[in-house]
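*Asks:* quick one, fold the following:
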Amino acid sequence: MPHRNLYAAVDLGSNSFHMLVARREGGELRVIDKIREMVRIGGGLDANGRLDETTRSRALECLARFGQRLARIPEHQVRAVGTQTFRRLHQPQHFLVVAETALGFPIDIISGREEARLVWLGVNEGTAFSERARMVIDIGGGSTEFAAGLERDPDFAESIQFGCVSVTRRAFGKGRITARRWRRAGEEIATELQAIAPKLAATGWQHAIGSSGTIRAVQSILAAENDTLPDPIPAARVDALAQKMIDFGHVDEVDLPGLSNSRRPVIAGGILVLQACMQKFGIDRLDVSPFALREGLLHDQVGRLEQRDPREKTVVGLAERFQVDQDQAERVRDFALCAFEQITEEFGLNRVHRDLLDWICQLHEIGLGIAHSHYQIHSAYVVEHSDMPGFTHQEQQFMAFMLRYQRRKLPDDALDALPARLHGAARPMLAILRLAVALARSRTDTDLPDFALSGGPESGLRLALPPGWLAGHPLSARSLELERRQLARMGLKLVLSELSVPHPVRA
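*Replies:* Numbering: from 1, shown residues only. From the prediction side, this is the model:
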């Protein structure tokens, strides 16, 4: 029987894979299980974005173990995300197919800024309220994330492609650590930090917090050196650790109290990034949070289920920025969502699909803010390439696909742009969107008919309209006939008929 009060987050980082399982009790999340494995997937990725076989096998074996623990948790209460290394994969879908099979759940690839937002959310859940704006630094294996602000959502979120694994590999070739290499790598990181410094400073942050493995490892090292409890990290102690790294001369010679064997090979790069951040932003003391991305994932997932979804705010903001015609978007949305509800069960659709269709309808004409000609292409481009807080790469890819093919010719191979696991939902959802756009073409409420939609994956769709309606609306009749031909190109039959009942069906 499914554990309906359990929620899980899976953080597939460049250095470590983490899994967190929590039980919801009295409106709060109580963590009941944690698993962390040092997979170092970032270390197995070559310059062309290909994983070596050893690393690939190690990652899949870890995911299979995670999958066993998660097996009885409902899918909509599990969220798994891949970060920087997954963003760098060559043809990521090839790896995701086997990775998702091993885990038993979908894996979303998130952007660096979305990662920063989720880290912020996780750290905030474990930080006492303060009237001082704060900054969060999260040094991962392949990237470092920054977020700053005061409220639940950050005012600033950014990511740079420097992490403990990537910097160790790039800066210390063959493991050699020298003062010259340390200085040159630090200067390169500082240059990247300079680009984000003005916007970060504009948040007025006064309190700096670090999270995740590297920073917690540094805290453990400093505590072990003094035989004390873990304290905030002073900048002077980080500088001293940097000099020790140089004195060791090679990553294999690093020997520090409180440092685990699994983190020893990449700690030099992590300390280098930490030192560069503290120097560049003038951080004298860094507090350390035990919470990070995985906790943020958990709380974001619960927020979505409780209608506190950050994606809604993102969609509204994007529509306003491009001055979308809200009345037309509402016409298309009303028809599409009513149609969706009528075929949900037959096509195996769910709330996730409904939410995506809702947002797609709200943004379907966003491309008109660029040009009327081929606006559907512009709409798709904007959604696919914009920073959209709350959305994953796959969600944006799916929405862009729908927007790209909302009208005009539908290529026979259109579905090839999406992972195979999404084809079953994409067919009926695209059909609904195309029908809504076609019937709302006149941009008046009076021309939208009552209707009934039925069907299934094998039988196709049957759209029933009021008797005589097609004869009285020749432009719409022609549009629907064109849609019938286009939908057939992706294997979906559309049949037009007349309503057999006199009362309205449309919501």
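
*Asks:* for the host helix or strand of residue 330, what is the distance to the chain centroid?
*Replies:* Using DSSP states H and E, the element containing residue 330 is helix 326-347. What separates the centre of helix 326-347 from the centre of its chain is 25 Å, taken as CA atoms, centre = their mean, to the nearest Å.

*Asks:* same for that helix, what does it pack against?
*Replies:* The contact analysis (3 or more CB pairs under 8 Å, 6 or more residues apart in numbering; DSSP states H and E) places helix 326-347 against helix 351-363, helix 423-439, strand 452-456. For glycine as for every other residue, the C-beta is placed from the backbone atoms N, C-alpha and C.

*Asks:* residue 94: which of those is closest?
*Replies:* The closest of these to residue 94 is helix 423-439. By CB to CB, the value is 16.6 Å.

*Asks:* list the buried residues in that closest one.
*Replies:* Buried residues in helix 423-439, defined by neighbour count with 16 or more other CB atoms under 10 Å: 425-439.

*Asks:* ok, stretch 185-200 next?
*Replies:* The neighbour-count check on stretch 185-200 (16+ other CB under 10 Å) flags 185, 186, 188, 189, 193, 196, 200 as buried.

*Asks:* and what of stretch 49-69?
*Replies:* Buried, per 16+ other CB under 10 Å, within stretch 49-69: 51, 55, 56, 58, 59, 60, 62, 63, 65, 66, 67.

*Asks:* isn't there a helix covering the second one?
*Replies:* In other words, residue 55. Yes: secondary structure assignment places residue 55 in a helix (DSSP: H, G, I helix; E, B strand; the rest coil).

*Asks:* contact partners for it?
*Replies:* By CB atoms under 8 Å, 6 or more residues apart in numbering, the residues touching residue 55 are 39, 40, 41, 43, 44, 45.

*Asks:* neighbours of the fourth one, how many?
*Replies:* Summarising burial for residue 43: neighbours were counted as other CB atoms under 10 Å, giving 19.

*Asks:* from here on, call the first residue 52.
*Replies:* Renumbered: residue one is now 52, and that last one reads residue 94.

*Asks:* who's in contact with it?
*Replies:* Contact partners of residue 94, counting by CB under 8 Å, 6+ apart, are 106, 216, 220, 317.

*Asks:* still on that earlier bit, tell me the mean pLDDT for the helix holding residue 381?
*Replies:* For helix 377-398, mean pLDDT rounds to 96.

*Asks:* need the contact partners of it.
*Replies:* The list of residues contacting helix 377-398 from outside it, by CB under 8 Å, 6+ apart, reads 370, 400-401, 404-405, 408-409, 412-416, 475-476, 478-480, 483-484, 486-488, 490-491, 494, 496, 499, 502-508, 512, 557-558.

*Asks:* of the residues you listed, grab the buried ones for ChimeraX.
*Replies:* Here is the ChimeraX command that selects the buried residues among the contacts of helix 377-398 (16+ other CB under 10 Å):
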select :370,400,404,405,408,409,412,413,414,415,416,476,478,479,480,483,484,486,487,488,490,491,499,502,503,504,506,512
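
*Asks:* if we can go back for a sec, right, and the helices and strands packed on helix 377-398 - which one's nearest residue 199?
*Replies:* So among these, helix 402-414 is nearest, using CB to CB, at 27.3 Å.

*Asks:* which elements pack onto the closest one?
*Replies:* Using 3+ CB pairs under 8 Å, 6+ apart, the elements in contact with helix 402-414 are helix 361-372, helix 377-398, helix 444-455, helix 474-490.

*Asks:* and the last one, how far out from the chain middle?
*Replies:* The chain centroid and the centroid of helix 474-490 are separated by 24 Å, computed with CA atoms, centre = their mean.

*Asks:* could you give the angle of that helix to strand 503-507?
*Replies:* Calculated by axes from the mean of the first three to the mean of the last three CA atoms, to 10 degrees, helix 474-490 forms an angle of 160 degrees with strand 503-507.

*Asks:* secondary structure of residue 84: a strand, I assume?
*Replies:* Yes: Residue 84: assigned to a strand according to three-state DSSP.

*Asks:* and it, how many residues sit next to it?
*Replies:* Applying other CB under 10 Å, we find 13 residues neighbouring residue 84.

*Asks:* cool, and the one 4 residues further on?
*Replies:* Per other CB under 10 Å, the neighbour tally for residue 88 reads 17.

*Asks:* for it, what are phi and psi?
*Replies:* In this entry, residue 88 is assigned phi and psi values of phi -130, psi 130 (degrees, to the nearest 10).
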